[in-house]
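Peer 1: sequence first, predicted model second:
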2 protein chains.
Amino acid sequence: MAESWLDEIAAARHGLDRSSTAARVADLLREQITDGRLVPGARLPEEDLCRAVKVSRNTMREAFRLLVQERLLVHEFNRGVFVRRVTADGLADLYRVRRILECEGVRCAPDAPREALARLEAAVLDGERAAAAGRWADVGTADIRFHQALAALVGSPRVDEMIRHLLAEMRLVFHEMGSPREFHEPYLARNRSLCELIARGDTAAAERELRSYLDDAEAQLTKAYRAAE
Amino acid sequence: MAESWLDEIAAARHGLDRSSTAARVADLLREQITDGRLVPGARLPEEDLCRAVKVSRNTMREAFRLLVQERLLVHEFNRGVFVRRVTADGLADLYRVRRILECEGVRCAPDAPREALARLEAAVLDGERAAAAGRWADVGTADIRFHQALAALVGSPRVDEMIRHLLAEMRLVFHEMGSPREFHEPYLARNRSLCELIARGDTAAAERELRSYLDDAEAQLTKAYRAAE
DNA sequence: GAGTAGAGATTGTTCAACAATCCATCAATC
DNA sequence: GATTGATGGATTGTTGAACAATCTCTACTC
């Protein structure tokens, strides 16, 4: 195993040179969306964006396709692309799959590597620090990182990708209903206790707590959703 | 429910007029791949395909994107697109997620609508009929439909999409190792018994059987994989 | 007020060209 | 003889323009 550093280089290279213009444009748009500057339902006209970003229409369309694949945009034939608007049904489905993946993560916790558990703890800490400083947007980001780390306990690249897309859509939900503080504050303590239950190895109690956690969050969001209509 | 046929029309129309040329080209390629005429690892040169299908490079690239999203093709920057080649690691991950989704389907069986259970039964029957007639490729198709119906018991559009992509990749695995008969034949009886356990409502036994089923299949494929190297 | 016709705007698709990158080949050096 | 470096051909990435198809809104007719 004298050449193990070769593998590291091979892995690092992947993230370096792979940058097409389309991918960079997609990064740009993704940031606008996850930051909430592009609200759900907003239309993205090709030509305006091409002029703004100074790329050709073909390249812009390629960037669109990347974000459609991530479920951040939806493409309607002959009508254009829009920031995805999550419906009440979509929200229910979102939580259905979150329950499946995150609960599986909890069940896998005993077999998970230490780094994976450390990331869970780190996300909780980040959230608490951000709350103490009043940075509520960062609290939301930390919360998402926490749930991502939860599903990552499964140790499956494919599950990682699924949960990443799922939680990116959750960001859309949050932006569509505003008020990050009221929503995220109560869950800081629950994240902490969930993390401790897992660290203690009590996966059964952790799964129960997680389910009630997700039920509560879903009910709260659904209520806000129905009210918004 | 007097106007339920209206919904059917609405659904059918979706598949009719909303068909860009890129989507049709993608259909063409998808068929070539799932039928095994395009083997895993094969490169798809843009210009050759453009000339063959008589579409422009941009349209062809759009078709590529669609199939990349379905995980049938992989796109390497500045190198081209290739039929996905599933590695041994990828195979393990594939089964890890199949276990999660299909076992969840079994657990949801008591709450599933009758049509969903009927589709399960239908897939088993199709497989048995195809086997009796010696159509082993169709046996494989029926097997995939069976597992798709299993995950569909969850009743989540998102899970449906996940399992569809997963099983499309499984087709690649099958093609990479050939010999459909030897592999699929033993599982016909197990599909049948699994289906009966579910129909009887014994979800606990069904889940145990499904896990051992998937373990066996994974072990068999993994062995064949290692041998092929 | 409902329905229709048409103009203007936007998207779908194609084409041709050039730039950037990869790949195989060959020459040069040690 | 093997490794390194340069060369050229082939393929992909990106651009801009053009035209066709479709949608959307306005104005008009009844």
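Peer 2: Perfect, I can see it now. Please read these numbers as outputs of a predicted model, since none were measured by experiment. Numbers count the residues shown, from 1 in each chain, chains lettered A, B, ... in the order given.
Peer 1: residue closest to the middle of chain A?
Peer 2: Geometric centre of chain A, nearest residue: A:L167, 2.6 Å, by C-alpha atoms, centre = their mean.
Peer 1: wait, doesn't it sit right on A:F146?
Peer 2: No: using C-beta atoms under 8 Å, A:L167 makes no contact with A:F146, being 9.9 Å away. Every C-beta, even on glycine, is put in place using the N, C-alpha and C of the backbone.
Peer 1: before we move on, back to that, skipping adjacent residues, who's closest to the residue nearest to the centre of chain A in space?
Peer 2: What sits nearest to A:L167 in space, not counting adjacent residues and going by C-beta to C-beta, 6 or more residues apart in numbering or on different chains, is A:I144, at 4.8 Å.
Peer 1: re earlier: which SS class is the residue nearest to the centre of chain A?
Peer 2: Secondary structure, DSSP: H, G, I helix; E, B strand; the rest coil: A:L167 is helix.
Peer 1: look up phi and psi at A:A42.
Peer 2: Dihedral pair for A:A42: phi -70, psi 140, per degrees, to the nearest 10.
Peer 1: name all residues that make contact with it.
Peer 2: When contacts are counted by C-beta atoms under 8 Å, 6 or more residues apart in numbering or on different chains, A:A42 touches A:82-83.
Peer 1: so stretch A:103-112, near chain B or not?
Peer 2: Yes: counting by C-beta under 8 Å from any C-beta of the partner chain, chain B has neighbours in stretch A:103-112: A:E104.
Peer 1: what is the rounded mean pLDDT of that stretch?
Peer 2: Stretch A:103-112 shows a mean pLDDT of 97.
Peer 1: got the residues of chain A near chain B?
Peer 2: Contact residues (C-beta under 8 Å from any C-beta) of chain A with chain B: A:17-18, A:20, A:58, A:61-62, A:65, A:69, A:77, A:93-94, A:96-97, A:100-101, A:104, A:154, A:156-159, A:162.
Peer 1: just the ones of these in helices?
Peer 2: The helices, defined by DSSP state H, take in A:17, A:58, A:61-62, A:65, A:69, A:93-94, A:96-97, A:100-101, A:104, A:157-159, A:162 from the residues of chain A next to chain B.
Peer 1: can you map out the strands along chain A?
Peer 2: A:43-44, A:73-76, A:80-83 (DSSP state E).
Peer 1: what's the last one packed up against?
Peer 2: If I follow you right, that is strand A:80-83. Judged by 3 or more C-beta pairs under 8 Å, 6 or more residues apart in numbering or on different chains; DSSP states H and E, strand A:80-83 is in contact with strand A:43-44, helix A:57-69, strand A:73-76.
Peer 1: kindly report the same for the shortest one.
Peer 2: Using 3+ C-beta pairs under 8 Å, 6+ apart as the contact definition, the elements that strand A:43-44 packs against are strand A:80-83.
Peer 1: gap between the strand it packs on and the chain center?
Peer 2: 20 Å (C-alpha atoms, centre = their mean, to the nearest Å).
Peer 1: ok so, going back, for the helices and strands packed on strand A:80-83, which one sits closest to DNA strand D?
Peer 2: Closest approach to DNA strand D among these is made by helix A:57-69 (3.0 Å; C-beta to the nearest atom of the strand).
Peer 1: mean confidence (pLDDT) on the closest one, please.
Peer 2: Helix A:57-69 comes out at a mean pLDDT of 91.
Peer 1: contacts for it?
Peer 2: With C-beta under 8 Å, 6+ apart as the test, helix A:57-69 has contacts from A:20-23, A:25-26, A:29-30, A:33, A:44, A:46-47, A:49-50, A:53, A:55, A:73-75, A:81, B:58, B:61-62, B:65, B:68-69.
Peer 1: again with stretch A:150-162
Peer 2: In contact with stretch A:150-162 (C-beta under 8 Å, 6+ apart) are residues A:97, A:101-102, A:104-106, A:108-109, A:111-113, A:116-117, A:119-120, A:148, A:163, A:210, B:93-94, B:96-97, B:100, B:162.
Peer 1: buried stuff in that stretch?
Peer 2: A:150-154, A:156, A:158-160, A:162 (16 or more other C-beta atoms under 10 Å in any protein chain shown).
Peer 1: pull the contacting residues for A:W136.
Peer 2: Taking C-beta under 8 Å, 6+ apart, one finds A:130, A:180-181, A:184 in contact with A:W136.
Peer 1: how about 7 Å then?
Peer 2: Listed by C-beta atoms under 7 Å, 6 or more residues apart in numbering or on different chains, the contact partners of A:W136 are A:180-181, A:184.
Peer 1: so what pLDDT did it get?
Peer 2: We have a pLDDT of 88 for A:W136.
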